[in-house]
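Q: Need a 3D model of the following:
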Amino acid sequence: MAEGAKAPVYVEGLPHSGGKRVEIRKSAYRGNGKTALYGVMVDEGGEKDFAVFSVNLPAEASKLGAGQTYMKNWSENAGMLEVLQKAGVVGPTLFEVQTGFCKAQAVQVLI
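A: Modelled structure (predicted):
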C-alpha cells in the first residue's frame, strides 16, 4: 500500500448484503464537493455496486461542516445508517433535514 494510503474499510451485516462484507468508499459529489459514501462488493469476479449511503441535497449543503454528509436511511437503505454507525464509519446523527416525504440525517464521516 502506498504511503499515506488508507486501508479499505469493510462492513458486514448491512441489509440486503446477503451476509457478505461490503467495502465502504468515500468520494465527493460533483458541483458542491460534499462527502459521498457508497459501498461495493468485491470478490474474485470483480466489483459490484452495492448501495449509495449518502444523499446529495444542494439546497441544504451549507448546513454541513467539513467531512459531514446526509445519509439516506429510507426505502432500500432503511437500517443501513445504524450498521454504519456501529461499525465506526459515521458518527451519531447531528441533525435532520426534510427531503420530500423523508428526513435525511446529517453525520460526521469517520473514515
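
Q: Next one: the spatially closest residue to residue 55 that is not a sequence neighbour from residue 106, what distance?
A: Sequence neighbours aside, residue 72 is the residue nearest to residue 55 in space, at 4.2 Å (criterion: C-beta to C-beta, 6 or more residues apart in numbering). Any C-beta I mention is one placed from the backbone N, CA and C, and that applies to glycine too. To residue 106, residue 72 is 12 Å away according to C-beta to C-beta, to the nearest Å.

Q: was I right about residue 51 contacting residue 75?
A: No - counting by C-beta atoms under 8 Å, residue 51 does not reach residue 75; the two are 10.8 Å apart.

Q: which one of those two has more residues nearby?
A: Using other C-beta atoms under 10 Å as the criterion, residue 51 and residue 75 rank with residue 51 on top: 20 against 7.

Q: that older thread, run a quick neighbour tally on the residue nearest to residue 55.
A: The burial count for residue 72: 23, using other C-beta under 10 Å.

Q: Could you find the closest non-adjacent residue to residue 6?
A: With C-beta to C-beta, 6+ apart, the residue lying closest to residue 6 is residue 111, at 7.4 Å.
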